[in-house]
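Colleague: My questions concern the predicted model and sequence given below.
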Amino acid sequence: MYNIRYVEEHIEKLKEISEKKGLSLDFQEFARLNEERKTLKGEVDELRRQKNEKGQKVGELKREGKDASHLIPELERLKEEITTKEKTLKQIQKKVTDFISWIPNRIHHSIKDEPVIIKESTKIKDFPFKPLTHIELGKSLGILDFECASHIAGSNFALYKGKGATLERALINFMLDLHMKRHGYTEIFPPFLVNEEAMFSTGQLPKMKDDMYITERDGLFLNPTAEVPLTNILANKILSMNSLPIKYCAYTACFRREAGSYGKETKGLLRIHQFNKVELVNFVHPEESYKTLEILLTEAESVLKLLSLPYRVVQLPLNDLSFASAKTYDIEVYAAGVDRWLEVSSVSNFEDFQAKRAQIRIKSEGETKHIHTLNASGVATPRLLIALIENLQTEKGEVEIPEPLIPYTGFEKID
RNA sequence: GGAGGGAUGGCUGAGUGGCUAAAAGCGCACGAUUCGAAAUCGUGUUUCCGGUAUUGCUGGAACGGGGGUUCGAAUCCCUCUCCCUCCGCCA
């Protein structure tokens, strides 16, 4: 969320960023409204000044035991005029701040027009047979039942069963332990439902509203990512310099309507309305954030490394960059059955964008300033599970559980 | 769901109608002292908006959110949110 004066002084620059991120915002209209706002603000302030001055006089006269009634009509008139003008001013002010809330975050200078593959891990292993998809394996092994899920909830929901459900749970616990014990995260178990303010702070609102599930009675949002509750833990706080960095990780179920997506992109576990994800959020000093971004990337990557899954890291191009992000790496895992690279993690630096919306600050050398926030999926399970069962399937149609996961599953293969 | 108590600056906490942007303490910043530090002393220390000008002056607004009473509200009334206590219900 930009400061109004900053917007006023950087219209061209912000217009350019908005366009690059695919938003056509009417900055001319903004400039017009803002001028109107300033004029009206001046008028209202002047009327208030007069009113305060006269009101004070009434007080003085009354204290001296004198009559002040001759001043009242003028005060009534001023009051009325202020009320009217202020109502208009408030409307304009709201329009202006609404407009500003739609301006996306700035873009880091390293961002290119095309995706850049930063690194590619182990090569994809050759199968001596045609690997099956997770949908086929899920059915034959009895561990995934999409038909059943759609009867209970609707299309594009998943139901995990037996060893499938256990494997899902094992993955979550494995990842949480990894980040907590090896990467120094504080584990959090937050609410899955969040309020509108929280959604606004992290930048999901206003832009992504159509993609959210909202509860009817209370107007609460089903969180689309643990980034929302985690980042909001520190909303409206002023932190001391030495409390940074703060690293929170959490598992939550994530809920997304995925409005507008359909077809084979959504088959099986590829894109579902409810999924599980372990999320990492970092709160850092502004000067540290790009260094932290690289660390976060390696922390997220380590999940795939430990499970020996083939993956690559892509630096997102301009037109894929999200509303709130200044720079993002995607981690994609290869899945042999569907023969595709699947996004399992987004690693982003939001710089001070979310911190400004959420008012997360530090006091440093007597001055308060906004910190930087970053997050990474560490990682999302549906596609991780796809990669796992598709890449580790045997010719007999069984799935071998990788070594580090066995203590969590309690079994070595799914058959 | 019912009854009561509460929400004030980075923190603790005073303040029941104008003299309060807000006491006091803590913290923090700068300076003095010191070889240096601690202690001590001094000064400063909320944010946003407008005007003017530039590191200042000036006007307005904000004491959980919204509304009301009043010439005038941190202070009185209503309402919402959150926290605490008690009762009820419940996994």
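Modeller: Now that the structure is in, tell me what you want to look at.
Colleague: show me the contacts for A:H108.
Modeller: A:Y290, A:A326, A:K327, A:N349 (CB atoms under 8 Å, 6 or more residues apart in numbering). All C-beta spots, glycine's among them, are computed from the backbone N, C-alpha and C.
Colleague: Of those residues, which are in range of RNA strand B?
Modeller: Among the contacts of A:H108, no residue sits close to RNA strand B (CB under 7 Å from any atom of the strand).
Colleague: So which of those residues are in helices?
Modeller: Counting by DSSP state H, the contacts of A:H108 place A:Y290 in helices.
Colleague: between the contacts of A:H108, which is nearest RNA strand B?
Modeller: A:A326 (21.2 Å; CB to the nearest atom of the strand).
Colleague: near RNA strand B, which residues of chain A show up?
Modeller: So far as CB under 7 Å from any atom of the strand goes, chain A lies against RNA strand B at A:3-5, A:8, A:38, A:41-42, A:44-46, A:48-49, A:51-56, A:58-59, A:62-63, A:72, A:75-76, A:79, A:238, A:363, A:365-366, A:368.
Colleague: Any of those residues buried? List them.
Modeller: A:I4, A:E8, A:V44, A:K51, A:V58, A:L75 (16 or more other CB atoms under 10 Å).
Colleague: dump the residue contacts of the first one.
Modeller: By CB under 8 Å, 6+ apart, A:I4 lies in contact with A:N34, A:V96, A:T97, A:I100.
Colleague: Looking at the buried ones among the residues of chain A next to RNA strand B, point me to the pair that's furthest apart.
Modeller: A:E8 and A:V58 (38.6 Å; CB to CB).
Colleague: Any idea what whatever residue of the stretch 201-350 of chain A ends up closest to RNA strand B is bridged to?
Modeller: In the stretch 201-350 of chain A, no residue comes nearer to RNA strand B than A:I238, which is 4.0 Å away by CB to the nearest atom of the strand. In this entry, A:I238 is beta-bridged to A:R361, by DSSP bridges.
Colleague: Against A:L318, how distant is it?
Modeller: With distances taken as CB to CB, to the nearest Å, A:I238 is found 34 Å from A:L318.
Colleague: what does A:E403 give?
Modeller: Per CB to CB, A:E403 is found 40 Å from A:L318.
Colleague: Tell me where the stretch 101-250 of chain A is predicted with low confidence.
Modeller: Segments of the stretch 101-250 of chain A classed as low confidence (criterion: pLDDT under 70) are A:122-123.
Colleague: try it again with 80
Modeller: A:121-125, A:241-242 (pLDDT under 80).
Colleague: Show me where it has its strands.
Modeller: Using DSSP state E, counting those that start in this stretch, the strands of the stretch 101-250 of chain A run over A:116-120, A:186-188, A:193-194, A:221-222, A:238-240, A:246-255.
Colleague: Surely A:M180 and A:C249 touch.
Modeller: Yes. With contact defined as CB atoms under 8 Å, A:M180 and A:C249 form a contacting pair (6.5 Å).
Colleague: List the contacts of stretch A:32-44.
Modeller: For stretch A:32-44, contacts defined as CB under 8 Å, 6+ apart pick out A:I4, A:E8, A:I82, A:K85, A:E86, A:T88, A:L89, A:I92, A:Q93, A:K95, A:V96, A:F99.
Colleague: Please give the element, helix or strand, for the fourth one.
Modeller: Pointing back at A:K85 there. Element membership of A:K85, judged by DSSP states H and E, is helix A:72-101.
Colleague: helices or strands up against that helix?
Modeller: helix A:4-9, helix A:27-63 (3 or more CB pairs under 8 Å, 6 or more residues apart in numbering; DSSP states H and E).
Colleague: for the stretch 301-415 of chain A, what spans make up the strands?
Modeller: A:311-315, A:327-335, A:340-349, A:361-364, A:367-370, A:372-380, A:399-400, A:413-414.
Colleague: What are the contacting residues of the longest one?
Modeller: Contacting residues not belonging to strand A:340-349 are listed as A:108, A:270, A:289-290, A:292-293, A:296-297, A:300, A:303-304, A:311-312, A:322, A:324-335, A:372, A:374-380, A:383-384, A:386-387 [CB under 8 Å, 6+ apart].
Colleague: Could I get the buried residue list for it?
Modeller: A:R340, A:W341, A:L342, A:V344, A:S345, A:S346, A:V347, A:S348, A:N349.
Colleague: Stretch A:309-324 now?
Modeller: Applying 16+ other CB under 10 Å to stretch A:309-324 flags A:309-316, A:320-324 as buried.
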